[in-house]
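K.L.:
coords please:
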Amino acid sequence: MFKTFVASIGGLAIATTAAAADLSGAGATFPAPIYAKWAETYRGQTGVGLNYQPIGSGGGIKQIKAKTVDFGASDKPLKPAELAASGLYQFPTVVGGVVPVMNLPGIRPGQIKLSGALLGDIFLGKVTRWNAPQIAALNPGVPLPNLPITVVHRSDGSGTSFLFTSYLAMKNPAWASQVGASDSVQWPTGLGGKGNDGVAAFVKQTNGAIGYVEYAYAKQNRSTYALMQNKAGKFVAPAAPAFAAAAASAPWLRSPGNYVLLLDQPSPAAWPITGATFILVYRNQANAAKGAQVLKFFDWAYSKGDGLAAGLDYVPLPANVKGLLKKQWARSVTSGGKPVYVAK
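P.N.:
Alright, predicted model coming up:
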């Protein structure tokens with residue numbers, strides 16, 4: 001019996017054929033491109049395949065709690081209390097950025113500047129045209145089109161939405177009080193697309209649209225992106241160095257449950273909507289061999305996957321953080337009271 005994993009991004013499909021005894025995971029679409037690349041390379045080196053379903057963070061959390069996959073994947077980290085209640089352990093894999101993307105004829109990538117407060121007003125439906133005074137004030141001299149704004153958001157439970165709405169709640173009081181921050185919210189306006197690729201496709205086919213996607217999807221689709229004003233007041237472009245700047249000051253080594261958010265970091269070079277993506281596994285593994293295979297795969301990714309991640313504009317975790325996490329595995333993921341895997 002065989003399974004096939006296909007991750008589609010910007011028309012590019014990567015497939016790995018996996019035997020039934022191989023690994024299964026499900027969840028976030030944010031890291032799907034790098035998990036596909038890691039899986040393809042790892043299978044070539046070890047013969048072990050990965051069947052990963054990019055169904056959104058909400059789906060990944062549900063599937064690991066239902067014990068239908070070997071690991072879940074989420075861009076929304078679970079808080080320590082929820083981890084404890086579910087018997088789960090989480091650890092981050094890579095860092096990336098959530099990017100506002102637009103379809104504006106005549107506008108180049110990076111030509112439009114936005115602030116978090118203004119972005120919140122757009123997604124609230126309070127700013128409805130691209131040549132509105134609020135947008136013009138941040139963009140003097142830019143030929144803003146007289147087009148209605150069509151908001152595009154995720155229709156599925158999404159860690160990308162969690163990061164995006166958490167950022168809006170930080171910067172826009174009306175958003176915080178009326179909508180809030182979650183992986184699934186009651187959107188005040190707009191169209192819903194499933195997955196990062198669904199949002200990217202809606203934006204691409206709709207003049208005047210604005211949505212939000214993980215950076216790899218924006219890059220693969222050659223999307224028009226906005227410069228965002230960060231906490232230091234600088235307008236920055238989305239790119240790996242800006243994500244790395246946000247990650248550099250994070251309290252990785254002192255966060256209970258590895259619960260780390262990288263939003264609105266103070267570095268002048270930081271991209272303000274930066275986030276890590278996380279793996280969820282059971283602390284007490286019913287199948288020790290399968291639990292060991294999951295950790296072995298991510299140990300390989302930590303050791304040999306950084307170049308592949310950087311090639312897709314993800315930021316690898318700092319070496320000292322990866323070392324700490326590997327030590328955690330031995331005491332945090334066990335079977336019969338014994339570690340299922342001890343990293344070297």
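K.L.:
just checking: what are the partner strands of the longest strand along the chain?
P.N.:
The strand spanning the most residues in the chain, taking DSSP state E as the definition, is strand 88-102. Here strand 88-102 is paired, per DSSP bridges, with strand 209-214 (antiparallel), strand 224-225 (antiparallel), strand 274-282 (antiparallel), strand 315-316 (antiparallel).
K.L.:
avg pLDDT for that strand?
P.N.:
For strand 88-102, the mean pLDDT works out to 97.
K.L.:
and the next helix or strand past it?
P.N.:
Using DSSP states H and E, the next helix or strand after strand 88-102 towards the C-terminus is strand 113-114.
K.L.:
what does the helix or strand following that following strand contact?
P.N.:
Going down the chain from strand 113-114, the next helix or strand is helix 116-124, by DSSP H and E. For helix 116-124, the surrounding residues in contact (CB atoms under 8 Å, 6 or more residues apart in numbering) are 100, 114, 127, 134-135, 138, 149, 151, 153, 167-168, 170-172, 174-175, 178-179, 187-190, 210, 228-229, 264, 272. Using the backbone N, CA and C atoms, a C-beta is placed for each residue, glycine as well.
K.L.:
one more time with 6 Å, if that's ok
P.N.:
Outside helix 116-124, the residues that touch it by CB atoms under 6 Å, 6 or more residues apart in numbering are 127, 134, 151, 168, 171-172, 175, 188.
K.L.:
cool, stretch 162-182 as well?
P.N.:
If you take CB under 6 Å, 6+ apart as the criterion, stretch 162-182 is touched by 76, 98, 116-117, 120, 183, 185, 212, 263-264, 273, 275.
K.L.:
show me which of the contacts of helix 116-124 are buried.
P.N.:
Using 16 or more other CB atoms under 10 Å as the burial test, the contacts of helix 116-124 include 127, 151, 168, 171-172, 175 as buried.
K.L.:
ok, back up a step: ok, the contacts of stretch 162-182 vs residue 320, which is closest?
P.N.:
Distances from residue 320 to those, taken as CB to CB, are shortest for residue 275 (19.9 Å).
K.L.:
which parts of this structure are helices?
P.N.:
Taking DSSP state H, the helices of the chain run over residues 32-46, 57-65, 80-86, 116-124, 133-138, 159-171, 173-178, 195-205, 215-220, 240-248, 288-304, 306-311, 319-332.
K.L.:
out of these, the one nearest residue 109 is which?
P.N.:
With CB to CB as the criterion, residue 109 lies closest to helix 215-220 of those, at 8.7 Å.
K.L.:
not counting its own residues, what contacts the closest one?
P.N.:
If you take CB under 6 Å, 6+ apart as the criterion, helix 215-220 is touched by 9-10, 33, 96-97, 99, 101, 196, 200, 225, 238, 312-313.
K.L.:
make JSON lines from the residues you listed and add neighbour count and distance to residue 341 to it.
P.N.:
Formatted as JSON lines, the contacts of helix 215-220 follow (neighbours: other CB atoms under 10 Å; distance: CB to CB, whole Å):
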{"residue": "9", "neighbour count": "24", "distance to residue 341": "30"}
{"residue": "10", "neighbour count": "18", "distance to residue 341": "35"}
{"residue": "33", "neighbour count": "29", "distance to residue 341": "26"}
{"residue": "96", "neighbour count": "31", "distance to residue 341": "26"}
{"residue": "97", "neighbour count": "29", "distance to residue 341": "31"}
{"residue": "99", "neighbour count": "25", "distance to residue 341": "35"}
{"residue": "101", "neighbour count": "24", "distance to residue 341": "39"}
{"residue": "196", "neighbour count": "31", "distance to residue 341": "31"}
{"residue": "200", "neighbour count": "24", "distance to residue 341": "36"}
{"residue": "225", "neighbour count": "24", "distance to residue 341": "39"}
{"residue": "238", "neighbour count": "27", "distance to residue 341": "35"}
{"residue": "312", "neighbour count": "19", "distance to residue 341": "26"}
{"residue": "313", "neighbour count": "21", "distance to residue 341": "29"}
